[in-house]
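Asks: model the structure of this input:
(one chain, ligands or ions: 1)
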Amino acid sequence: MKKKDVHVPIEEIQRQKDFLNRISAINTQFYLQNERRRTACTRTYGCQQNENDTEKIRGMLEEAGYKFTDDENIADLVIYNTCAVRENAEMKVFGRLGILKHIKEKKPDMLIGLCGCMAQQEHIAEKISKTYSHVDMIFGTHALYKLPEILYSAITDKKRMIDIDVSDGTIAENLPVKRENTSKAWVSIMYGCNNFCSYCIVPYVRGRERSRMPEDIICEINDLVKNGCTEVTLLGQNVNSYGKDLHLDIDFSDLLKMVDQIEGIKRIRFMTSHPKDFGDKLIETMASCSKICRQLHLPFQAGSNKVLKDMNRNYTKEEYLQKIAKVKKAIPDISLSTDIIVGYPTETNEDFEDTIDVVKAVEFDSIFSFIYSRRTGTPAAKLDFVLSEKEIQRNFNRLLDVQNAISKKKNDEYVGKIAEVLVDGVSKNDKDTLSGRTDSAKIVNFKGDLSLAGKYVKVRITDAHTWSLNGELV
Ligand code: SF4
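Replies: Okay, the predicted model is just below:
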């Protein structure tokens, strides 16, 4: 059977670029009349996929002549790229929209756009339409590449633009991208998800799995290298499925090997892996390719087999632990992280003990733990809770206590050792300190000159905290 081409036609991408040129002309006119360039402010909520999408939004806005600001109060255009995975991320956006309303009252020409996973949900788009009339553009994940057309219409027609068409999703290549960090980059290798975990909204807002062509990915990474990039993180909701829809003889391990061959790349990371698809070939590839970082993020979500079944995760606690044992055997110094949901509706206190069991058995370097958040439209949203909020919070706190002790212990093992660190820049918490990451993704803070940003340096680790290490330049 002939494979359906999911790529947005090149003519359509060109049409969108024509809209960018038209907006650019309007913005040049604005500059000549006002002696200042129009400014745009973007905010990203949620995962790395969203961060990567925002880089495309900023790439398009830059081509359209916008200058960037972090301050919504002075921006001519504000775009929020939203997340739908948890309720509190949505509440934050609604809160911000309330603040924007007041700003727009003073600056009626300001344009406001809401995009991403939250906007893709029909009930949310409807709520925003009805309650937040100051939002000018609402567009979902599938319409991201149409931003130029949407923005052009919002500027010229001065009427609200909404595009949340439901679709299985497309792939839009050759969009401009603006990355802040030149030494490392996220590279999406696929989009969407076919797994339908019972709690997760992603398959409903990001469409079916679709892989980018390997040559497009390699071409993007080659371009990144030319601009000074040495570390790439390959992104997908389930990278282990890469290539399944391509009808080519290629899987994720093959792609990793191709990236490993690229001269100039020093570090390769990837996320996210699904335990059910994580297999021996990938473990062998990780062990044999020198550029693939000694780091694995493998979400297990819950330790109880009953809860895993209810979540539609398609693996058991025992299978997960076996896979982890294989990884540790093949790569003894591997750094492990995971995602855990506490308080899934059917989880009992006894089930939760299985989660604690897995955490203690694996000894993850770090975990990303969340209290279950009900998502409208998912099967789990119809379930009643077995545990009370108080019990769920108590379990959550206990999980953090158990993990924090493990994280500290794992970090203590670094003290006295010399680590190679790719310097990100100034530390978020202390402007006199540099911050970077080891191959194992540990954050290392140390004193040094900002000119080291983007470089690999040797740092002797002097002391360890729960979430980071301190050190000194060697
Ligand atoms: S694998 Fe499951 S949790 Fe991950 S994005 Fe797909 S449906 Fe959501």
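Asks: where do the helices sit along the stretch 1-150 of the chain?
Replies: All helices of the stretch 1-150 of the chain, identified by DSSP state H, counting those that start in this stretch, fall at 10-34, 48-63, 87-106, 117-120, 122-131, 147-157.
Asks: nearest to residue 447, out of those?
Replies: Among the helices of the stretch 1-150 of the chain, helix 48-63 comes nearest to residue 447, with 28.4 Å by CB to CB. (Each C-beta comes from the backbone N, C-alpha and C, glycine too.)
Asks: in the closest one, what's buried?
Replies: 49-63 (16 or more other CB atoms under 10 Å).
Asks: look at residue 451 and say how many residues are nearby.
Replies: A total of 8 residues lie near residue 451 under the criterion other CB atoms under 10 Å.
Asks: for it, helix, strand, or coil?
Replies: Put simply, residue 451 is helix when judged by DSSP: H, G, I helix; E, B strand; the rest coil.
Asks: let me see the contact set for residue 260.
Replies: Residue 260 is in contact with 268, 289-292, counting by CB atoms under 8 Å, 6 or more residues apart in numbering.
Asks: what of residue 176?
Replies: 56, 59-60, 62-63.
Asks: just the residues you listed now: which is nearest the ligand?
Replies: Closest approach between the contacts of residue 176 and the ligand, by CB to the nearest ligand atom: residue 56, at 19.8 Å.
Asks: backbone torsions only: list them for the nearest residue to the closest one once chain neighbours are set aside.
Replies: Distances taken as CB to CB, 6 or more residues apart in numbering put residue 175 closest to residue 56, at 4.9 Å, once the chain neighbours are dropped. Phi and psi for residue 175, reported as degrees, to the nearest 10, are phi -80, psi 150.
Asks: residue 222 versus residue 175, what's the distance?
Replies: Using CB to CB, to the nearest Å, residue 175 is found at 17 Å from residue 222.
Asks: residue 394 too?
Replies: Per CB to CB, residue 394 is found 51 Å from residue 222.
Asks: and for residue 447?
Replies: Residue 447 is 35 Å from residue 222, where distance means CB to CB.
Asks: over to residue 270?
Replies: Distance check for residue 270 against residue 222: by CB to CB, it reads 18 Å.
Asks: the more surrounded of the two?
Replies: Comparing residue 270 with residue 222 by neighbour count (other CB under 10 Å), the higher total belongs to residue 270, at 26 against 14.
Asks: quick revisit: which of the helices of the stretch 1-150 of the chain sits closest to residue 189?
Replies: Across the helices of the stretch 1-150 of the chain, residue 189 has its closest neighbour in helix 48-63 (10.6 Å, CB to CB).
Asks: same question for that closest one, mean pLDDT?
Replies: Helix 48-63 shows a mean pLDDT of 96 in the predicted model.
Asks: quick one: that helix to helix 147-157, angle?
Replies: On the basis of axes from the mean of the first three to the mean of the last three CA atoms, to 10 degrees, helix 48-63 is oriented at 50 degrees to helix 147-157.
Asks: and helix 48-63, what does it pack onto?
Replies: Where contact means 3 or more CB pairs under 8 Å, 6 or more residues apart in numbering; DSSP states H and E, helix 48-63 is packed against helix 10-34, strand 39-44, strand 67-68, strand 77-82, strand 111-116, helix 147-157, strand 184-188, strand 231-235.
Asks: which of these sits closest to the ligand?
Replies: strand 231-235 (11.8 Å).
Asks: which stretches of the chain have low pLDDT?
Replies: 1-3 (pLDDT under 70).
Asks: who in it is up against the ligand?
Replies: 193, 195-197, 200, 202-203, 237-238, 274 (CB under 6 Å from any ligand atom).
Asks: from these, pick the one nearest residue 451.
Replies: The shortest approach to residue 451 among these belongs to residue 237, at 37.6 Å (CB to CB).
Asks: wasn't that closest one part of a strand?
Replies: No - assigned with three-state DSSP, residue 237 falls outside any strand and is coil.
Asks: ok now do it, which residues does it touch?
Replies: Residue 237 neighbours (CB under 8 Å, 6+ apart): 49, 190-193, 195, 202, 206, 209, 272.
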